[in-house]
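[1] Quick check, what structure comes out for this input:
(2 chains)
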2 protein chains.
Amino acid sequence: MRVRVYVTLKPSVFDPQGRTVTEALHSIGHDAVRDVRQGKYFELDVAAGTAAEASRIASAAADTLLANPVIESYRIDVDDPAAVGPGAAR
Amino acid sequence: MRVRVYVTLKPSVFDPQGRTVTEALHSIGHDAVRDVRQGKYFELDVAAGTAAEASRIASAAADTLLANPVIESYRIDVDDPAAVGPGAAR
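    Below you'll find the model as predicted:
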């Protein structure tokens, strides 16, 4: 089952990478972009029978490896093929 | 306006970073995660009057700086405050 994990710095944490991207965008004329925060994005292929199990496995992976819980938070989306319609399992 | 940009390697491109994450997860017992592909995630604060304008500005930023079009593709989500309900602008 396909699981998407989005890892972002907590709002109170300074993001020098995002700051650099913002300045680079301004330097090439994209002034309408006022601010950028950069995070990480993972697509996991998880062996799980249900969306709930896939979500649990992805949470464990995020807690132990994908995210640093001190400064980062994460969000999980499960692509459940059994769900009716896109986004139904979110 | 808040715009989310997801940058991923094209499917045909080898992802050594994702491979390393997969092996690290297996080494700590998360064997149910069969494969990982790692990408980048950007949250942009864009000065735009409409969702369409914000999307156009974010696309230009992605084309010129956030993504490498040779090996990466990207997807854009606009959080339109004028839209009715979450996800309506997607």
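
[2] Does stretch A:24-38 reach chain B?
    Yes. Stretch A:24-38 comes into contact with chain B when judged by C-beta under 8 Å from any C-beta of the partner chain, the residues involved being A:24, A:25, A:28, A:30, A:32, A:33, A:34, A:35, A:36, A:37, A:38. Yep, even glycine has a C-beta here, placed from its N, CA and C like the rest.

[3] if I look at the spatially closest residue to the third one that is not a sequence neighbour, how far off is residue A:74?
    Distances taken as C-beta to C-beta, 6 or more residues apart in numbering or on different chains put residue B:64 closest to residue A:28, at 6.2 Å, once the chain neighbours are dropped. The span separating residue B:64 from residue A:74 equals 28 Å under the rule C-beta to C-beta, to the nearest Å.

[4] looking at it, the residue nearest to residue A:28 is touching residue A:30, isn't it?
    Yes. Counting by C-beta atoms under 8 Å, residue B:64 sits close enough to residue A:30 to count as a contact (7.5 Å).

[5] picking that back up, counting neighbours, which of the residues of stretch A:24-38 next to chain B comes out on top?
    With neighbours defined as other C-beta atoms under 10 Å in any protein chain shown, the most crowded of the residues of stretch A:24-38 next to chain B is residue A:36; it has 26 neighbours.

[6] who touches that residue in this structure?
    Contacts were defined as C-beta atoms under 8 Å, 6 or more residues apart in numbering or on different chains; by that measure residue A:36 touches A:18, A:19, A:21, A:22, A:25, B:42, B:43, B:44, B:45.

[7] If you rank the residues you listed by neighbours, which is first?
    Using other C-beta under 10 Å as the contact criterion, the top neighbour count among these goes to residue B:44, which has 29 neighbours.

[8] Pretty sure residue A:23 sits in a helix.
    Yes. With DSSP: H, G, I helix; E, B strand; the rest coil as the criterion, residue A:23 is assigned to a helix.

[9] okay, now it: neighbour count?
    Using other C-beta under 10 Å as the criterion, residue A:23 is surrounded by 10 other residues.

[10] picking up where we left off before, pick out whichever of the contacts of residue A:36 sits closest to residue A:52.
    The shortest distance between residue A:52 and any of the contacts of residue A:36, using C-beta to C-beta, involves residue B:43 and amounts to 27.6 Å.
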